[in-house]
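A.B. asks: no sequence on this one, just coordinates:
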């Protein structure tokens, strides 16, 4: 069975020392988030993930979910008890409003816990994860009665939630949605249509499931401007707000899929189901968009989480597995072979995982912190700055953490040789599970287009200019620091490539938008390299400062610096390749006739 | 169900026009390989793959193999009939010696057929594929009695073969093999030990299975110098060479694994099984090595084959799936959305697959042709030149075609969005199946080490110097050709990077071999980029010549040139990144303490 040890110390170092979460004590809920509390919560979350969720991960993959003849769905053995314990632990509402039973703690802390949960058992984590999405949607767009009715039960884990967007003909292009909503006399709507790929759509964890559904009210315009958001409970709440009459919605089928077998991916059939409008009519897509940053960061966390658990196992295996001798001469003559961690090519693979994960975790936590500020700060300018940063970085983090997270899961599997291909070791499950994160919540190609087509030009480029200024500021501030040179020098070069690429779009994509589309994925990865390089710069500067001050973590921090140095040296030169590809433009791609591929 | 159309025309263009197979009519068997015969064989092989094997591919994945209580193994429905038809078609022995029932045709032709078979059904293709491996081993190292006894039955498909190398503690490091061979009185040996990951190790396709087994004769030295090769039939041949007494070997278990479910991956237990020495005692590893090029090219073919079938499906889906509008304005106003092939980012993905596949096929066929020359040419110098080229390019082709083949399968799956994650479309099977090719027959990290540590320095660098001269010759010859500039210019830059990297090893790896290990994987990919770029140069030069001559294929060849141009433009700048990583050396990687990752 795979091992997993949640990175508690590293997360504390990132939150406290690198990102300085204590500087935000003015935010609601943050005053409680003292270093001691952060440590206590992370330690307890780590324990739950390691002891309760990890042992269920392979069981979930092996058993999968079962749809019974009556349309009910049975989750894998152990999931129901684990969910009950998870809910009772208060984990679902860690960052939710205390008015509805939440704990009001920083989202950055909840994001760290989500990472631990996902590393231990991604398929399980998607049940509370979807609830958190429904909580966010109802919090932002529901009326007070809806909030009072649903939020406490979703936050306590008495019920769970889902998001119903996709239809067979409508994936990325939600404007093609056909599910209809016909007004009933008493203010509700009759929802009719079929949704696919609905994660956690039906299960036996809780007695009720609250579906949030995008549908088109009769006579609403075609396209995205005619979509409204509805809340459609599996069981209609009775007068006391408890489980009442069964609604006309059911799971028509479970999808057989590559991974996340423990999560029920449902075809949901709405057959005149009763639903209530959430927010304004015809503004459903806008409601979705306001939650999108958080949802996409949630998927980015999945990429990181799988990369982390896969890497941890690869490191352990590389220390234990003995094959061949060190190229520079036998290292351990007491055995017939050396552990494979002596081989430079194995170390290259491990560094590519570990070096990415540490900085990606910093980046993810910094985005989560930006979300906290954007939602909670009393200062409007601070909110806007954070919202700009969050909006800009979200597609980068979603695309890059899931693409590289998958690559790292594959690389970790490779360290195992043939044993990595065998189900028993669990490494191939990480690859299969990680694969979906590149696809859902906006396929990664769409993240690139969002970045280049929407986020760059937004507000006259305010967000990207502020970001460049931030990174430039770091570079300038540390340019003379010899100890930081291994981090600052490649970051400077990478930022230069990123700025050139941005300029190239300004000069070439306005007249010919295909040039933006052709370079979007490469730009997203170029941006990600700079963002990761920037995080490594911050981490290294912080580590050096702490080491110089005689911090008790100095020994580990020195290792972290070694990992970072080895990583940055090999990773950052990729910025030049990305720039070259972007500058190639779209002409050659668009020249091929549709039938000519 | 996925579609597949074997690339017959393209293969004929590569064999006849680009690689000039007719110039080798002096080789035994090649005189018969006229363009008409090549076309007839490829067309018939394509038909078999498309009509017989493709429909069994998802069935095989879904059903897998079953080990019965008596240790027998049942293959998926339809595999037995398909194998019988495949054998009767003479496909197994296409390139085998006619003395033993083979057809003596070029291995390059058999390699093309193997690609078709593997695209249609990789798990099936591994049954005859392993037989071909056993045929090669016995042809090269068996004595005449062994050849007469086994080869006709393996070639006719009456029996099949396997290779038994790996043990739990002995993967890459075969020197750790523990299986023992104890001499019997009558010249045979009693083989005792356990082998794992044995593809096609037990099945119901044929009444007998011929295992080739690496084992250590009692009192033989430890390490690789004490290994001998044995032939161990499941049923001992009787006096007439027919199935006789059951031997003491059985399938102890089937491995549950990520993909290739239709192929039985067995734990094989030898419990004093009767075996006969093949070749010299203690020279078993050397016997293995002489077959390794062919086996590794066989795995490279798997990488290409999966990349090809995945790409074909992605292209069809991109033409049919409608989501969103072209960024430059709606293309098809008769429908609510445009086909996604209008989007530049989708085209970028399709070009990365198609552009790779065409040149990778050329590279694979050129290596197969080198194998033909190396084994069949009457001219010793020609044999040696071809053997040098084959030995040098084999690790490159194995590593690069399987790494990029997997990437392309992933990219093809991505084109499908959420539908690609669902089992039904078949795209995720391609990813799972393709994954193993990066691992077996020498994990790709080992290919890099073979290239850098063995193939570069061999014979004073004779092979690599000849290869550089060949590519330089092409560049010089075509440097002034404006129509070829999009191919020749990046090839020239790539070759320059490759030569710099080679020089870097010469200057830095002799004193510190870890520098070679640290750069091996990047060097393998750098070499692969140049080899692919070289093939695109040859293809483009040939296409231009044919177009100028008014060839009837001119329209298609123009499309091929467009694909190549778009591919090369984005792919070749990667050579600089690879050089930068190689030049980073091993210091930072080796500095991290073993416990510090």
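C.D. replies: Alright, I've got the coordinates. It should be emphasised that the depicted structure is a prediction, and the values quoted were computed from it without experimental measurement.
A.B. asks: In the stretch 1-150 of chain A, which residue sits closest to chain B?
C.D. replies: residue A:62 (9.0 Å; Cβ to the nearest Cβ). Where C-beta positions appear, they are placed from N, C-alpha and C, glycine not excepted.
A.B. asks: what's that residue in contact with, if anything?
C.D. replies: For residue A:62, the contacting residues are A:76, A:261, A:423, by Cβ atoms under 8 Å, 6 or more residues apart in numbering or on different chains.
A.B. asks: hey, where'd the strands end up in the stretch 1-150 of chain A?
C.D. replies: A:66-67, A:73-74 (DSSP state E, counting those that start in this stretch).
A.B. asks: could I get those strands as TSV with mean pLDDT, mean neighbour count and distance to residue A:276?
C.D. replies: Output for those, formatted as TSV (pLDDT from 0 to 100; neighbours: other Cβ atoms under 10 Å in any protein chain shown; distance: least, Cβ to Cβ, whole Å):
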stretch	mean pLDDT	mean neighbour count	distance to residue A:276
strand A:66-67	98	16	27
strand A:73-74	98	18	24
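A.B. asks: Quick one: closest of those to residue B:406.
C.D. replies: Closest to residue B:406 of these, according to Cβ to Cβ: strand A:66-67, at 31.6 Å.
A.B. asks: Name every strand pairing with that closest one and say which way it goes.
C.D. replies: Using DSSP bridges, strand A:66-67 pairs in its sheet with strand A:73-74 (antiparallel).
A.B. asks: can you list contacts of the strand it pairs with?
C.D. replies: For strand A:73-74, using Cβ under 8 Å, 6+ apart, the contacting residues are A:65-68, A:202-204, A:251, A:254, A:264, A:266.
A.B. asks: Which of these sits closest to residue A:97?
C.D. replies: Closest to residue A:97, out of all of the contacts of strand A:73-74 and judged by Cβ to Cβ, is residue A:203, at 25.6 Å.
A.B. asks: Do I have it right that that closest one meets residue A:162?
C.D. replies: No. Using Cβ atoms under 8 Å, residue A:203 is not in contact with residue A:162, being 9.8 Å away.
A.B. asks: Looking at those two now, which is surrounded by more residues?
C.D. replies: Ranked by neighbour count (other Cβ atoms under 10 Å in any protein chain shown), residue A:203 and residue A:162 place residue A:162 first, with 27 against 22.
A.B. asks: what touches both of residue A:203 and residue A:162?
C.D. replies: What both residue A:203 and residue A:162 touch, as defined by Cβ under 8 Å, 6+ apart, is the set residue A:209.
A.B. asks: quick one: residue A:293 and residue A:371 touch, right?
C.D. replies: Yes. Residue A:293 is in contact with residue A:371 according to Cβ under 8 Å; the separation is 6.5 Å.
A.B. asks: anything in contact with each of these two?
C.D. replies: With Cβ under 8 Å, 6+ apart as the test, residue A:293 and residue A:371 both reach residue A:390.
A.B. asks: Distance of residue A:584 relative to residue A:519?
C.D. replies: 8 Å (Cβ to Cβ, to the nearest Å).
A.B. asks: Settle it for me: which of these two has more neighbours?
C.D. replies: Per other Cβ under 10 Å, whichever of residue A:584 and residue A:519 has more neighbours is residue A:519, with 29 against 20.
A.B. asks: still on that earlier bit, any of the contacts of strand A:73-74 buried? List them.
C.D. replies: Neighbour-count burial (16 or more other Cβ atoms under 10 Å in any protein chain shown) applied to these gives A:65, A:67, A:202-204, A:251, A:254, A:264, A:266.
A.B. asks: so who does residue A:225 touch?
C.D. replies: Counted by Cβ under 8 Å, 6+ apart, residue A:225 has contacts A:282, A:285.
A.B. asks: Would you agree it falls within a helix?
C.D. replies: Yes. According to DSSP: H, G, I helix; E, B strand; the rest coil, the state of residue A:225 is that of a helix.
A.B. asks: pLDDT score assigned to the nearest residue to residue A:270 once chain neighbours are set aside?
C.D. replies: Once flanking residues are discounted, residue A:270 sits nearest to residue A:191: 4.5 Å by Cβ to Cβ, 6 or more residues apart in numbering or on different chains. Here the pLDDT value assigned to residue A:191 is 98.
A.B. asks: Count the residues that sit near residue A:191.
C.D. replies: Counted with other Cβ under 10 Å, residue A:191 comes out at 26.
A.B. asks: Could you point out the longest strand of chain A?
C.D. replies: Secondary structure of chain A per DSSP state E: the longest strand is strand A:265-278.
A.B. asks: Now do the same contact list for the closest residue to residue A:172 other than its chain neighbours.
C.D. replies: The spatially closest residue to residue A:172, leaving aside those adjacent along the chain, is residue B:323, at 4.9 Å (Cβ to Cβ, 6+ apart). Counting by Cβ under 8 Å, 6+ apart, residue B:323 touches A:170-173, A:176, B:337, B:340, B:417.
A.B. asks: And for residue A:267?
C.D. replies: Counting by Cβ under 8 Å, 6+ apart, residue A:267 touches A:194-196, A:198, A:201, A:251-255.
A.B. asks: swap the cut-off to 7 Å and go again
C.D. replies: Neighbouring residues of residue A:267 by Cβ atoms under 7 Å, 6 or more residues apart in numbering or on different chains: A:194, A:196, A:251-253.
A.B. asks: Now which of these would you call buried?
C.D. replies: Buried among the contacts of residue A:267 (16+ other Cβ under 10 Å): A:196, A:251-252.
A.B. asks: Give me the distance between whatever residue of the stretch 351-500 of chain A ends up closest to chain B and residue A:123.
C.D. replies: Closest to chain B within the stretch 351-500 of chain A is residue A:428: 3.9 Å, counting by Cβ to the nearest Cβ. With the distance defined as Cβ to Cβ, residue A:428 ends up 15 Å from residue A:123.
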